[in-house]
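**Student:** How does the following fold in three dimensions:
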Amino acid sequence: MFRLISTVQVKTLSRCYPVYIGFNLLDFLDVFLSRHGLKGKFALVSHKSLMDIYGDKIISSISRLGLDTIIIDIPEGEESKSFNMLTQIYDVLINNRFDRWSTVTAFGGGVIGDLAGFAAATFMRGINLVQIPSTLLAQVDSSIGGKVAIDYRGKNIIGAFYQPNLVITDLNLLKSLSVKEFSSGLAEVIKYGVVMDPQILDILENYSNPLPDDIVAELITRSCSCKARIVEADERDEKDIRIILNFGHTIGHAIEVASNFKISHGEAVAIGMVYEAKLSVMLGFLDIDVVNRLIGILSKFGLPISVSQLNIERILSSLSYDKKIKHGKIRLILLKSVGNPIVHDDVPIDSIKRVLEM
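**Tutor:** Okay, the predicted model is just below:
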């Protein structure tokens, strides 16, 4: 039997939906899907490595509803967030006569969620979408809030806001992650602690890997609740509210791109948080003790705190393509204190360069 730990409700203008958090949820997908009235054809978008482990379980569960399921295999890696992969998904949906009442199910990490989500958002102007995040990073961040996209000459350049019908977060999936993959996801959890929920940092300072199941469940629930509150207040990122969740991401995304995605998203965000916190100190907003605390927590969980092997000019060049650029000016989320982020609308490029050179 499944064990439901919590349900986080996300209430936006475009759609209200639940995030179910618990154990053994994959075995009972039919329960959750039928609860939300999803019928017709299902496309399960995932990686072969995941399907080899969990595919039979998912298909068996969906088949109890008497539904047809088409599997769409996507190669692993950021490179799959492309026009080529997107059109391949469209072709499968068209060839199998999917209609507006059909469902795309994204089973995987951030790449799958973004790609499959964008396909669902644009196919026939929008069909049903179910997110089943398989990584910690996707469970606490990318599966919630409706941001879906593909990469084009930069990360997430072409995308949409498209909320899922529901999110199913099975904590058992985390047991198959490597320590590095799990820690990468913790970077996003730490971000929530820094900008919204300081108790997350208190918890992490009192534990180390491997984290107990109940602590993982609490951290994920807290993180999802943070994300839900922000998305409800600023669904389309237009009010300078949702943007605070980009703490660490502006410099982090530039580092990802400059490394040709050899540095993972979570690792890049960890580094980005340190640089943006240091920038906050340099500009007179933040006490250095907060930076040291952040570095201590990141280091404790094996996350990087700096990058030396990348060309700084290439990082700065990548910054110019960031979606948060406004009227040609670099916008960064800086800190006044833990739980008190600020939006800085025109950060001098020389200051960013000096921080990267530290």
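
**Student:** All the strands of the stretch 151-300 of the chain, residue numbers only.
**Tutor:** Counting by DSSP state E, counting those that start in this stretch, the stretch 151-300 of the chain has strands at residues 158-161, 166-170.

**Student:** Residue 34: which of those is closest?
**Tutor:** Of all the strands of the stretch 151-300 of the chain, strand 166-170 sits nearest to residue 34, with 11.4 Å by CB to CB. From N, CA and C alone the C-beta is placed, and that goes for glycine too.

**Student:** That closest one pairs with which strands, parallel or anti?
**Tutor:** Strand pairing for strand 166-170, using DSSP bridges, gives strand 16-23 (parallel), strand 128-133 (parallel).

**Student:** Dump the first one to PDB, restricted to CA.
**Tutor:** The C-alpha coordinates for strand 16-23 follow below in PDB (Å, rounded to 0.1, in the frame of the first residue of the first chain):
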ATOM      1  CA  CYS A  16      -5.300  24.500  -9.200                       C
ATOM      2  CA  TYR A  17      -3.600  21.200  -8.600                       C
ATOM      3  CA  PRO A  18      -2.100  18.900  -5.900                       C
ATOM      4  CA  VAL A  19       1.500  17.800  -5.300                       C
ATOM      5  CA  TYR A  20       1.200  14.300  -3.800                       C
ATOM      6  CA  ILE A  21       4.200  13.400  -1.600                       C
ATOM      7  CA  GLY A  22       4.700   9.900  -0.300                       C
ATOM      8  CA  PHE A  23       6.100   6.400  -0.600                       C
END
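
**Student:** Next secondary structure element downstream of that strand?
**Tutor:** As assigned by DSSP states H and E, the chain's next helix or strand after strand 16-23 is helix 29-35.

**Student:** Could you pull out the buried residues of stretch 7-26?
**Tutor:** 8, 10, 12, 17, 18, 19, 20, 21, 22, 23, 25, 26 (16 or more other CB atoms under 10 Å).

**Student:** number of nearby residues for the residue nearest to the third one when sequence neighbours are not counted?
**Tutor:** In other words, residue 12. Leaving out its chain neighbours, the residue that sits closest to residue 12 by CB to CB, 6 or more residues apart in numbering is residue 235, at 4.5 Å. Neighbourhood size, residue 235 [other CB atoms under 10 Å]: 22.
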